[in-house]
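*Asks:* Generate a structure from the sequence data that follows.
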Amino acid sequence: MIAMNYYGARELAASFRTVRKNTLQIAEEIPEDKYGFRAAEVTKSVAELLAHIALSWKFQEQINFIEKRNNFDGFDFPKLMGALMAEQAKPRTKAELIDLLKGEGEKFASAVEQLSDDFLGQIVAMPPGAEPPSRTRFDMLGSVKEHEMHHRGQLMLMERMLGLTPHLTRHMNERIAAMQAAASQQK
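*Replies:* The predicted structure follows:
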């Protein structure tokens, strides 16, 4: 019997590219003079959040692509996080952040779509006390998309706070208006 996987590396890469495309549209629509905006005093600014989104996949790159770890024994998490935080903190223009989002997003998606089902199915033991105690590589790599969607929700709220209507809301409103117009013509 042939096993059938309906969602594998290619599908994960494609869905990530869709998520990144939407994040890029938000980054493009927020004016550069609003990139310093923070929703609250202790939160990341628009620019800081975009840099964080662009670079946060580097954790998965280290674990799954560079070291191909099957556990976290001896992994220097503080060192990696320190380097990532320093890279995220570098001042960048809007154009530089958009280029960073595009470039890093494509690096991640291209790396993912090359992976085999066997590799994606491998189990990685998490650090002691973590829940769950182990995860598949597929789950770990999928978390990059989930993480971005979490932060994209924050960006969409920031857009609202800046007086902008997020593009996904505009598109939905346009579809609803078109359906209502079509329904009223059928009466």
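*Asks:* buried set for the longest helix out of those in the chain?
*Replies:* Using DSSP state H, we find that the single longest helix of the chain is helix 137-161. For helix 137-161, a neighbour-count test (16 or more other C-beta atoms under 10 Å) marks 137-138, 140-145, 147-148, 151-152, 155-156, 158-159 as buried. The way it works is simple: take the backbone N, C-alpha and C, and place the C-beta from them, glycine included.
*Asks:* Could you list every helix and strand in contact with it?
*Replies:* On a contact count with 3 or more C-beta pairs under 8 Å, 6 or more residues apart in numbering; DSSP states H and E, helix 137-161 meets helix 9-29, helix 46-55, helix 58-60, helix 117-121.
*Asks:* any chance of the ones you listed in a markdown table, with distance to Glu67 and mean pLDDT too?
*Replies:* Below are these laid out as a markdown table (distance: least, C-beta to C-beta, whole Å; pLDDT from 0 to 100):
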| stretch | distance to Glu67 | mean pLDDT |
| --- | --- | --- |
| helix 9-29 | 19 | 98 |
| helix 46-55 | 18 | 98 |
| helix 58-60 | 11 | 97 |
| helix 117-121 | 14 | 95 |
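*Asks:* Of those helices, flag the one that's most buried.
*Replies:* Neighbour counts averaged per stretch over those are highest for helix 46-55, at a mean of 23; criterion: mean count of other C-beta atoms under 10 Å.
*Asks:* Just the C-alphas of that one, formatted as PDB.
*Replies:* Extracted C-alpha coordinates of helix 46-55, given in PDB (Å, rounded to 0.1, in the frame of the first residue of the first chain):
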ATOM      1  CA  VAL A  46       6.700  48.200  13.400                       C
ATOM      2  CA  ALA A  47      10.300  48.100  12.200                       C
ATOM      3  CA  GLU A  48      11.400  45.900  15.000                       C
ATOM      4  CA  LEU A  49       8.600  43.500  14.500                       C
ATOM      5  CA  LEU A  50       9.300  43.200  10.700                       C
ATOM      6  CA  ALA A  51      13.000  42.500  11.400                       C
ATOM      7  CA  HIS A  52      11.900  39.900  14.000                       C
ATOM      8  CA  ILE A  53       9.600  38.200  11.500                       C
ATOM      9  CA  ALA A  54      12.300  38.200   8.800                       C
ATOM     10  CA  LEU A  55      15.000  36.700  11.000                       C
END
